[in-house]
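Q: Show me how the following folds:
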Amino acid sequence: CPYFICAFCPHDLFVNTKSDLGPCQYQHVDELKDEYNKQPRKVKRRVEKKLLSYLYELVSDVDRRIRRGKERIALNAPSTQPNPILEQQIEHKKKSIELRCDQIDAEINKLKEHIEGLCDEGKIDDAESMLKQVEQLEADKEKLQSLDVQQQVGAKDAARRDKDRFEICEICGVFQAVDDAEDRIARHFEGKQHKGFDVIRDKIKELETMHRDELSDMQQREQCERDRRGGGGGGGHGDTK
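A: Predicted coordinates for the structure are as follows:
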């Protein structure tokens, strides 16, 4: 297997995953790696280019999947237009609060009538106990009236939308929930599929950089050789008498 002796065989990276490439059609022989390492750079570079070509193909498929995934996410993104259902929920919540405040007022008025009666009868302790109930009801009413209904309903809606929102991994193209649990996120990064494509992308960068540097060095040597040959001519003819 040229990929195996050069670096690694992609078929070994994704065994039993959704990206499983199946068994490699070539043999993996460790002893041949030693023979390969003894070869000149010209031979190695040819094998490396073959590996690069295969890695480009694999990454191209994933990048295509990532682009399609991003398009799907964009289509399902929350709209910035007014949400009539959300506005209806806010209005319903406000009416519920108004109704409850009216009920509290009625309870307070009834209690105050009882308190007056108890005071007239000289039952001061009972009147004070009932007055505490009035104070509690007044506090409940004040708390209800201070509620930011729009923020409260909106927060619940945002939490629901976050639960349905997804993002796509830029390395391996796997979908993940935005609010996914930390252990699930960790398992994703440690999974074969993510680590496999991470290795592939790193190897592509490594080989591209090495080949680019080698090409630059070769061009510099050729330029130096041309300069040397161009500047090596003889001097002019002397005058004859």
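
Q: Quick one: residues contacting residue 1.
A: When contacts are counted by Cβ atoms under 8 Å, 6 or more residues apart in numbering, residue 1 is found next to 9, 24, 26, 27, 28, 29. Where you see a C-beta, it was placed from the backbone N, CA and C, and this is true even at glycine.

Q: Now tell me which helix or strand of the protein has the poorest mean pLDDT.
A: Counting by mean pLDDT, DSSP states H and E, the chain has its least confident helix or strand at helix 149-164, which shows a mean of 56.

Q: coming back round to it: counting neighbours, which of the contacts of residue 1 comes out on top?
A: residue 9 (18 neighbours; other Cβ atoms under 10 Å).

Q: What are the neighbouring residues in contact with the residue nearest to it when sequence neighbours are not counted?
A: Leaving out its chain neighbours, the residue that sits closest to residue 9 by Cβ to Cβ, 6 or more residues apart in numbering is residue 3, at 4.6 Å. Contact analysis of residue 3 by Cβ under 8 Å, 6+ apart lists 9, 10, 24, 26, 50, 51, 54.

Q: how about the helices of this structure, start to end?
A: Per DSSP state H, the chain has helices spanning 2-6, 31-37, 41-75, 84-120, 124-145, 149-164, 182-190, 192-230. These are given in chain order.

Q: Please identify the most buried of those.
A: Comparing the helices of the chain by mean neighbour count (mean count of other Cβ atoms under 10 Å), helix 2-6 comes out on top with a mean of 20.

Q: That helix: how far from the chain's middle?
A: Helix 2-6 sits 33 Å away from the centroid of its parent chain (Cα atoms, centre = their mean, to the nearest Å).

Q: just for this protein, where's the confidence low?
A: 76-86, 149-164, 231-241 (pLDDT under 70).

Q: which among the contacts of residue 1 gets closest to residue 110?
A: Residue 110 lies nearest to residue 9 out of those, by Cβ to Cβ, at 83.5 Å.

Q: Sort out for me which of the contacts of residue 1 are in strands.
A: Among these, DSSP state E puts none in strands.

Q: Can you say which of the helices of the chain is nearest to residue 176?
A: Distance to residue 176, taken as Cβ to Cβ, is lowest for helix 182-190 among these, at 6.3 Å.
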